[in-house]
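Visitor: fold the following, please.
(one chain, ligands or ions: 2)
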Amino acid sequence: MRKIVALLFIAVFASGCAAASFNQPGTRDPEFAKMDSDQNAFLSRAEMQAYQPDEFSKMDTDNDGLVSKNEYRTYYNSSN
Ligand SMILES: [Ca+2]
Ligand SMILES: [Ca+2]
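Guide: Ligands and ions are numbered 1, 2, ... in the order given. Take a look at the predicted model:
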């Protein structure tokens, strides 16, 4: 049982490190950058709809009309 808990802790810690590195300045996510046509570090509805029309509302969880990198990361991690 302790091994399972230790492995879970390592898995959570590793995923946290991966998430932290995603937000480091200068870290580029090629897929995000491809969609972010004006390179302002946000995905607008128009940018998303040009890329994947049905996915925008799923990603924009706070419904502010923009997909932040965190919203994108959350969506991306849940779909992979
Ligand atoms: Ca943009
Ligand atoms: Ca948003």
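Visitor: strands of the protein, residue ranges please.
Guide: Secondary structure of the chain (DSSP state E): strands located at 43-44, 66-67.
Visitor: list the strands paired with the first one, with their directions.
Guide: Strand 43-44 has its sheet partners listed here by DSSP bridges as strand 66-67 (antiparallel).
Visitor: and the average pLDDT for the partner strand is what?
Guide: For strand 66-67, mean pLDDT rounds to 92.
Visitor: does it reach ligand 1?
Guide: No: applying Cβ under 5 Å from the ion, one finds strand 66-67 separated from ligand 1 by no less than 8.1 Å. Heads up, the C-betas are built off the backbone N, CA and C, glycines and all.
Visitor: spell out which parts of this protein neighbour ligand 2.
Guide: So the chain meets ligand 2 at D60, D62, D64, L66 (Cβ under 5 Å from the ion).
Visitor: tell me where this structure has helices.
Guide: 2-22, 30-35, 45-51, 56-59, 69-79 (DSSP state H).
Visitor: buried ones only from the residues of the chain next to ligand 2, please, as a PyMOL command.
Guide: Only the buried entries of the residues of the chain next to ligand 2 go into this PyMOL selection, using 16 or more other Cβ atoms under 10 Å:
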select buried, resi 60+66
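Visitor: for R28, state which of the residues of the chain next to ligand 2 is nearest.
Guide: Closest approach to R28 among the residues of the chain next to ligand 2 (Cβ to Cβ): L66, at 18.4 Å.
Visitor: and that closest one, how close does it get to N80?
Guide: 22 Å (Cβ to Cβ, to the nearest Å).
Visitor: and the pLDDT at N40?
Guide: N40 is given a pLDDT of 96.
Visitor: distance check, it against ligand 1.
Guide: From N40 across to ligand 1, the span is 4 Å (Cβ to the ion, to the nearest Å).
Visitor: least confident secondary structure element in the chain?
Guide: In the chain, the helix or strand scored least confidently by mean pLDDT, DSSP states H and E is helix 2-22, which has a mean of 44.
Visitor: picking that back up, turn the strands of the chain into CSV, including distance to P30.
Guide: As requested, the strands of the chain are exported to CSV (distance: least, Cβ to Cβ, whole Å):
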stretch, distance to P30
strand 43-44, 14
strand 66-67, 16
